[in-house]
Structures are given as C-alpha cells and as structure tokens.
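J.: The following comprises the amino acid sequence and a computationally predicted model.
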Amino acid sequence: MMRTAAILACAALVYGCASQQAVRASDSLFNSPAAELGRELAPDLYDNALTAWDRAEEARRGKDDLAAEEFATEARLWVMAAAVEAERVQLDRQRAELELEVERWAKQLARDQQASAVVASDISRYEARAVALREAERVAALGDSRTASPETLSAVLTRVRLNVALAEALGATDAQLGPLRDRTEAIARRQPESARAAEKLMLDSEALVGAMRSKWPSPRPGASTELVQTARVTGFDADRGGTGVVVRSERFFASTGRVSQATVKRFGGLLSAFPHGPIACQVAVPETQSGAWARRVAQLAQALQPVDEAARVTTGMIETETLRAGAVQCTFAAYREP
C-alpha cells in the first residue's frame, strides 16, 4: 500500500515538473520579441501556432508524448513562420515609406527646379529690362545734350531701324523708307558728335510709323503693348490700365520749373507714332489752388501745341500723394484693350 502511494506521488511530481516545463516553454515561445511582432503583423500564422500548442498540451495531458512533441514542433515552426512574415511585412512597409519619401523629394525637386526656372526667367527679364532702361536713358539724354556719345547714337539708330522695319510692315513704300535708311547709314558712318541729326531722324521715323497707323480707323490689336514698349524705350514709364495706356514722366519740368523741351519732343514722337484718340495729361501738384503750378501747367500746354497738331492732348492738374510734384501722367484712352 505504501509502495503504491509512493509511485503515485512520484508520478504526480514528474507530471508537475513536465507541466512547469511546458509552461516555461510556452512563455519562451510566445513571449519573445519575434513572436510578439508575429502576433501583430502575421496574426493568422500566430493563431496557427497557438492552435498547434494547444494540441500539444492536450496530447501531454493524454500522456501521448510523441504527439505532444510533434505538435510542439509544429507550434514552433508556425511561430518562426509568423516572425519571418512579420519581418517581411515590416520591410515592405519600410520600402513603401522610402518610396513615398523618394516621391516627396522628387516632387520637391521638381518644384525647386520649376522655381529656379521662374527665377532664371525673372532674372532674364530683369536683365533685359535693365538693358532697355539703359538704352532709354541714352535716348532720353539725346535731347538734353548738344552732343551724342557713340553708345547713345547706337541706341538711337537701333530704334530708328526698328521703326523703319515696322513702317515697312505697316505698308510704307520704298520712296518713304529709302531716305530714312540713307540717313541712318550716313549717321552710322560719320558718327557725328551733334545730337541734332540723330534726334530728328528718330522723330521722323516715328512720324512715318504713325502715318501708317493712322490709315486704320482705330488701333490694331496689340497696339497698346507696342505703345507701352515704345514709351519705355524712349525714356517714359508706361503700363496698361483700365482706362488705356498710362504714360508717366518726371522730366517734363526741369529743376528750375521750366518746361523741358527735350521731353516734350520725345512725347511728340509718341503722339506721332500712335495717332489714335484723345490723350488726357494730368500734372501732379501739391495743391490745385497753387498759382505757380497753374502757370507751369499752362506753359506745358503751350509747349505741347507744336507737337500736337491734331489737338488731341488736354492738360490739367491733380492733387495726389502717389506722384511727385511735377510728374506728368498721360492716358492714351484709345489704346484700351480687354
């Protein structure tokens, strides 16, 4: 009797030790970092491992050690498979994140390249505008000086050649163009120091362009852009507005208050080259009740009469803080385009 009790006690002890080992094996198998990752990213494979382990536990309880070991091995294999699959999923996610990052950088690079292209274009336009302004300054200086530098003559002759080409495109005849071309080449050869001949040539070329344009009942499409460009290269500021092309200058009056005949001549060239419609000129003054400024405006109106044969220009005063006193703003109303 005592021997039987001892055997049962030993069996219970052995079974208890085996159960503890099984628990420890379970903890080691399912609680590792790899298994935890498998449970998160490969739950189906992890569930297979749990099922196999449950069967191993059931076989142990049924004293079927061989089946228990087979199911335990199956559980370990499923856990390993879950861990491998979890690693693959992680790598796929990292690869997708890298691809997204590459795509973001590619888009950023494209935006940067586009921005660089815009900046380069802006720089090119700025440089072209700077060149145009330098040429305009030379043309503007033509009437302010009795002499003309080689650079100024080059700028003026370039402008004359452009006017001649435009007049030809507008229908000018060889009889009209020939004398201008001959005078242009003669000045280019002689390089005279006097500015008078070059100034007269430029005004005559603008008058011919205007004569060709005047055959049209109204400005042609694109004429407003041509007016803006012509005004700028002859020393004026200009832009298109809702009421027409607005031409501005602070050079109509000298520092002494007298009217600048050189600026009036250049403005007369614009009038000749763009012959359509009325032109309203406003002189910016500190106050409209000023007698001194009223006399200056009257002098400007009188000075414009010889270059305004069609009496297109009206002159008045405007009190404003947006323009310096003495600045003149003229609106070519017929050159309004949608």
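T.: Structure's in. What do you need?

J.: In this structure Gly269 contacts Leu201, no?
T.: No: counting by CB atoms under 8 Å, Gly269 stays clear of Leu201, with 11.1 Å between them. The C-beta positions use only the backbone N, C-alpha and C, and glycine is treated the same way.

J.: Those two: which is more packed in?
T.: The residue with more neighbours, out of Gly269 and Leu201, is Gly269; 27 against 21, by other CB atoms under 10 Å.

J.: which stretches of the chain form helices?
T.: With DSSP state H as the criterion, the chain has helices at 2-30, 33-41, 43-61, 65-144, 150-169, 174-190, 196-213, 223-233, 261-273, 291-304.

J.: what residues does the shortest one touch?
T.: Among residues not part of helix 33-41, those counted as contacts by CB atoms under 8 Å, 6 or more residues apart in numbering are 29-30, 45-46, 49, 79, 81-83, 85-87, 89-90.

J.: Ok, stretch 214-230 next?
T.: With CB under 8 Å, 6+ apart as the test, stretch 214-230 has contacts from 170-171, 206, 213, 238-240, 244-245, 247, 270, 273-277, 332, 334-337.

J.: quick one: average pLDDT of it?
T.: Throughout stretch 214-230, pLDDT has a mean value of 87.

J.: for stretch 298-307, same thing?
T.: Across stretch 298-307, the per-residue pLDDT values average to 89.

J.: ok, now stretch 323-332?
T.: Rounded mean pLDDT across stretch 323-332 is 91.

J.: mind checking the end-to-end distance for that stretch?
T.: 18 Å (CA to CA, to the nearest Å).

J.: residues making contact with that stretch?
T.: 227, 241, 243-250, 252-253, 267, 274, 277, 279-286, 293, 296, 300, 313, 318.

J.: Apply 6 Å and report the result again.
T.: 243-250, 252-253, 279-284, 286 (CB atoms under 6 Å, 6 or more residues apart in numbering).

J.: Quick one: buried ones out of these?
T.: 244-249, 252-253, 279-284 (16 or more other CB atoms under 10 Å).

J.: Which two among these are spaced furthest apart?
T.: Gly244 and Phe253 (23.4 Å; CB to CB).

J.: Show me the shaky parts of this structure.
T.: Counting by pLDDT under 70, the chain has low-confidence residues at 1-28, 108-109, 111-148, 338.

J.: Apply 50 and report the result again.
T.: 1-24, 119, 122-133, 136 (pLDDT under 50).

J.: which of the helices of the chain sits most buried?
T.: Across those, the average number of neighbours (mean count of other CB atoms under 10 Å) peaks for helix 261-273, which reaches a mean of 22.

J.: Just give me how far that one sits from the chain centre.
T.: In terms of CA atoms, centre = their mean, to the nearest Å, the centre of helix 261-273 is set 35 Å apart from its chain centre.

J.: Next: stretch 306-325.
T.: With CA atoms, centre = their mean, you get 36 Å for stretch 306-325.

J.: Begin at 4 from now on, thanks
T.: Sounds good: first residue 4 from here, last item stretch 309-328.

J.: what does stretch 92-99 rub up against?
T.: Leu44.

J.: Can you dump the C-alpha atoms of that stretch in PDB for me?
T.: Extracted as PDB, the C-alpha positions of stretch 92-99 are listed here (Å, rounded to 0.1, in the frame of the first residue of the first chain):
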ATOM      1  CA  VAL A  92       5.700  43.000 -43.700                       C
ATOM      2  CA  GLN A  93       8.000  45.400 -41.800                       C
ATOM      3  CA  LEU A  94      10.400  45.500 -44.800                       C
ATOM      4  CA  ASP A  95       7.500  46.100 -47.200                       C
ATOM      5  CA  ARG A  96       6.300  49.000 -45.000                       C
ATOM      6  CA  GLN A  97       9.700  50.500 -44.800                       C
ATOM      7  CA  ARG A  98      10.200  50.200 -48.500                       C
ATOM      8  CA  ALA A  99       6.800  51.800 -49.100                       C
END
